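**Student:** Please work out how this folds:
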Amino acid sequence: MAFQHWTDTLKKAKKTALISDGKRKVHYLFEDGNEMAEEYDLKTDELLLRKWRHKTTFGGQEEWTWEVGETNPTGLTSDLIKESSSNPLFMRKDTKTSFQWRVRNISYPIEVYSVSAEPTERCCVIRTSNKKYYKKFSIPDLDRCQLPLESAALSFTHANNTLIISYKKPKEILTLEQELLGELKKLKGTSEGDIDCKTQ
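**Tutor:** Predicted structure coming up:
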């Protein structure tokens, strides 16, 4: 069962915890050599960031790829040129009970948008009736556990030039996240600047 396999994979991963800037930062090293890094708010326990780094076919390491959180929170590109504030910016920022995505800098009225789940393609699609914006995205959390994509769990709203799409987390994910968070809190998270981190 995929759900149990992913649960076991998380439990077997070597974990390193670091407490810094009001965040619990956790690094996972999996048995296959892939890595995952997460950051949680210490006060709310909300997931702020998740990124992955996979091993290449030849044993090297790929660049980090973001799954949750802003890839560029400063708004600056690598050459220090500020990104255009007029371009729509798509990012994922979860809540305790929902997977959530935000499209910033998109000002059309709410009736222009449609958001649908495409179970056969394992993805969600954002469309606009004026054909000015189109986005297809998956929910890796569901894919890892091979849980079904449910249209009824999907909703959206629009405010302050931002389209907010929410997908209600299934009970299996909620249980898994709660158990994992309990495990992470047992790790002795060292403060930034300490040499050694407690690992599991």
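
**Student:** For the helix or strand hosting residue 157, which strands pair with it and how are they oriented?
**Tutor:** Using DSSP states H and E, residue 157 sits in strand 154-159. Strand 154-159 has the following sheet partners, assigned by DSSP bridges: strand 162-168 (antiparallel).

**Student:** Tell me which residues are up against the lengthiest helix in the chain.
**Tutor:** With secondary structure taken from DSSP state H, the chain has its longest helix at helix 171-186. If you take C-beta atoms under 8 Å, 6 or more residues apart in numbering as the criterion, helix 171-186 is touched by 3, 6-7, 10-11, 15, 17, 24, 26, 40, 45, 97, 141-142, 145, 147, 169, 200. C-beta: built from backbone N, CA, C; applies to glycine.

**Student:** which residues does the closest residue to residue 53 other than its chain neighbours contact?
**Tutor:** Closest residue to residue 53 apart from its sequence neighbours, by C-beta to C-beta, 6 or more residues apart in numbering: residue 35 at 4.5 Å. Residue 35 makes contact with 27-29, 52-54, 61, according to C-beta under 8 Å, 6+ apart.

**Student:** So which of those is surrounded by the most neighbours?
**Tutor:** residue 28 (19 neighbours; other C-beta atoms under 10 Å).

**Student:** Let me know the distance separating that one from residue 50.
**Tutor:** To residue 50, residue 28 is 10 Å away according to C-beta to C-beta, to the nearest Å.

**Student:** shared neighbours of those two, anything?
**Tutor:** By C-beta under 8 Å, 6+ apart, the residues touching both residue 28 and residue 50 are 36-38.

**Student:** CSV please, covering those residues and showing distance to residue 109.
**Tutor:** Formatted as CSV, those follow (distance: C-beta to C-beta, whole Å):
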residue, distance to residue 109
36, 39
37, 38
38, 36
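
**Student:** any idea of the mean pLDDT in the strand holding residue 157?
**Tutor:** Throughout strand 154-159, pLDDT has a mean value of 96.

**Student:** repeat for stretch 115-135
**Tutor:** For stretch 115-135, mean pLDDT is 96.

**Student:** Buried residues, it. List them.
**Tutor:** Residues 115, 117, 123-124, 126-127, 133, 135 are the ones in stretch 115-135 that count as buried (16 or more other C-beta atoms under 10 Å).

**Student:** and what of stretch 19-34?
**Tutor:** Under 16+ other C-beta under 10 Å, the buried positions of stretch 19-34 are 19, 23-28, 30, 34.

**Student:** Now flag whichever of these is closest to residue 105.
**Tutor:** Nearest to residue 105 out of those is residue 23 (C-beta to C-beta; 26.4 Å).
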